[in-house]
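Undergrad: predicted structure and sequence below. I'll ask about it afterward.
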Amino acid sequence: MPVVHRFDPPDRFVPGTVGEPGSRTFFLQARSGTQLTSVSLEKQQVQILGERIAELLDELITSDDARSTVPAVTPVAMIDTEPLEQPIEEEFRAGTITLSWDGDDERVVIEVFPVAEVEIEVPVEAAEQDLIELPIEEPEPEELLLVRMSAAMARSFAARAESVVAAGRAPCPLCGGPLDPQGHLCPRANGYRRSTTL
């Protein structure tokens with residue numbers, strides 16, 4: 001049985017970062033009372049999760065699946081700009097993340113599973129004949145983060161995810177790549193160094 005870090009509902013569930021732009025570490029952090037769980041993940045995972053949550057909520061607004069009101073924007077009382085809570089102790093690194101809607105309880109459900117490291121043993125005969133079509137059985141995760149939250153909290157999470165992702169390095173106006181404080185070698189400028197003063 002995996003260890004389940006369950007928050008149903010959390011007092012707080014937010015994405016956040018530690019470090020300077022260009023070398024930030026991204027986290028999902030859930031708190032309920034004194035229970036605090038932090039899971040590290042990639043910037044793209046934060047961005048996609050925020051976008052998918054916003055899309056799910058927008059779909060619920062136009063459907064009959066939600067009996068209560070699903071907010072179209074973040075309620076003012078739910079806006080959270082506070083930093084991550086201390087201590088930030090990584091429980092695991094996020095791999096697969098699932099998102100669903102529980103219509104009975106009217107909760108957005110997020111499950112975060114750790115990165116699975118699967119070792120594959122290939123029989124010598126199969127390797128010699130390039131017959132590597134073996135079914136891969138992923139091991140049961142040792143732990144997971146389970147968050148069940150209201151639509152209003154989910155809308156707040158999506159808005160914060162967008163702002164956290166956007167708070168990184170400014171994009172180069174020519175190539176779109178991230179600009180470091182000292183600039184970068186821009187492929188659209190024939191390798192000339194572009195600076196952040198553009």
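TA: Arrived safely, thanks for sending. Numbers count the residues shown, from 1 in each chain.
Undergrad: how is this protein partitioned into domains?
TA: In the domain annotation for the chain, the residue ranges read 3-167, 170-198 (automatic domain parsing).
Undergrad: the shortest one - what's its average pLDDT?
TA: Along domain 170-198, the predicted local confidence has a mean pLDDT of 67.
Undergrad: on that earlier part again, looking at the domains of the chain, which has the lowest confidence?
TA: Checking each of the domains of the chain, the one with the poorest mean pLDDT is domain 170-198, at a mean of 67.
Undergrad: hang on, the earlier thing: winner for burial among the domains of the chain?
TA: Stretch with highest mean neighbour count among the domains of the chain: domain 3-167 (a mean of 15; mean count of other Cβ atoms under 10 Å). Where C-beta positions appear, they are placed from N, C-alpha and C, glycine not excepted.
Undergrad: helices along the chain, start to end?
TA: 43-62, 124-128, 151-166 (DSSP state H).
Undergrad: got the angle between the last one and helix 43-62?
TA: So the one you mean is helix 151-166. 150 degrees (axes from the mean of the first three to the mean of the last three Cα atoms, to 10 degrees).
Undergrad: from residue 28, how far out is the most centrally placed residue in the chain?
TA: For the chain, the residue nearest the mean C-alpha position is residue 46 (2.9 Å; Cα atoms, centre = their mean). Using Cβ to Cβ, to the nearest Å, residue 46 is found at 8 Å from residue 28.
Undergrad: what sits in contact with each of those two?
TA: Shared contacts of residue 46 and residue 28, defined by Cβ atoms under 8 Å, 6 or more residues apart in numbering, are found at residue 15.
Undergrad: what's across from residue 3 in the sheet?
TA: Here residue 3 shows beta-bridge partners residue 143, assigned using DSSP bridges.
Undergrad: what do you get for residue 13?
TA: The residues listed as beta-bridge partners of residue 13 by DSSP bridges are residue 30.
Undergrad: now do the same contact list for it.
TA: By Cβ under 8 Å, 6+ apart, the neighbours of residue 13 are 7, 28, 29, 30, 31, 147, 149, 153, 157.
Undergrad: out of these, who's nearest residue 42?
TA: Top of the list for closeness to residue 42, among the contacts of residue 13 and by Cβ to Cβ, is residue 28 at 11.2 Å.
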